[in-house]
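Undergrad: predicted model and sequence below, questions to follow.
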Amino acid sequence: MDRREALRQGAFLAGCGLSAGTIAAFVSGCQSGPTATDGYLHSDLLTLLGNVCETIIPETDTPGALTAGVHTYLNSVMEANMTEEELVGMVAGLEQIEAQAQTDHSKSFNDLSTDEREATLAAIDALEAEPNIFRMLRGLTAQVYFTSEEGATKTLAYLPVPGEFIGCYPLSEVGRAWAE
């Protein structure tokens with residue numbers, strides 16, 4: 001084999017090796033976000049979590065937590081970042097919300113009106129148990145919602161390319177809080 005043939009075959013092998021990695025990177029980058037089947041919770045508890053999140057941040061003139069997909073994101077993050085004990089505690093907390101709805105209204109939380117859902121969550125919030133599932137979900141829902149695309153661009157004021165810095169600006173002209 002002459003030198004040119006050796007260089008040609010070496011370049012071909014290097015190109016195949018680089019191409020495989022590049023193709024794998026592109027394919028893995030094309031995957032969509034979490035779906036309803038990803039994560040720890042089964043469909044009934046996932047629906048309950050979605051309704052709790054929607055009660056915390058309801059849809060008004062801005063998108064709600066369900067539209068932002070807060071519950072599916074929380075479901076996938078819970079499985080990836082919580083210990084088994086914390087996951088069991090989360091499921092127990094969601095079941096506690098369902099039991100409170102049954103006790104107070106003799107209906108599933110998913111079947112309650114908005115006022116009944118708020119009353120049920122207020123009853124859970126008033127409990128002295130630690131950790132309080134509602135307080136934890138309220139914080140997580142707000143954090144995930146306001147960092148989502150819908151929350152940051154449609155609920156908060158959003159300027160993708162900011163202009164000049166104006167240090168003293170009347171609050172009445174701002175309108176609402178800004179996303180960073």
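TA: Yes, it's here. Numbers count the residues shown, from 1 in each chain.
Undergrad: for the helix or strand containing Ser76, give the mean pLDDT please.
TA: If you go by DSSP states H and E, Ser76 is part of helix 70-81. Averaged over helix 70-81, pLDDT sits at 86.
Undergrad: what's it packed up against?
TA: Helix 70-81 sits against helix 43-56, helix 84-105, helix 133-147, with contacts defined as 3 or more Cβ pairs under 8 Å, 6 or more residues apart in numbering; DSSP states H and E. Heads up, the C-betas are built off the backbone N, CA and C, glycines and all.
Undergrad: neighbours around the closest residue to Glu95 other than its chain neighbours, how many?
TA: Leaving aside its chain neighbours, Glu95 sits nearest to Leu45 (7.9 Å; criterion: Cβ to Cβ, 6 or more residues apart in numbering). When counting by other Cβ atoms under 10 Å, one arrives at 17 neighbours for Leu45.
Undergrad: what do you get for Gly139?
TA: Gly139: 11 neighbours (other Cβ under 10 Å).
Undergrad: now Gly163
TA: Neighbours around Gly163, by other Cβ under 10 Å: 6.
Undergrad: can you tell me how far it is from Glu149?
TA: Gly163 is 22 Å from Glu149, where distance means Cβ to Cβ, to the nearest Å.
Undergrad: same check on Glu84?
TA: For Glu84 relative to Glu149 (Cβ to Cβ), the value is 32 Å.
Undergrad: between the two, point out the one with more neighbours.
TA: Per other Cβ under 10 Å, whichever of Glu84 and Glu149 has more neighbours is Glu149, with 11 against 8.
Undergrad: give the contact list for the nearest residue to that one once chain neighbours are set aside.
TA: Nearest residue to Glu149, sequence neighbours excluded (Cβ to Cβ, 6+ apart): Ala68, at 7.7 Å. Contact analysis of Ala68 by Cβ atoms under 8 Å, 6 or more residues apart in numbering lists 57, 144-145, 148-151.
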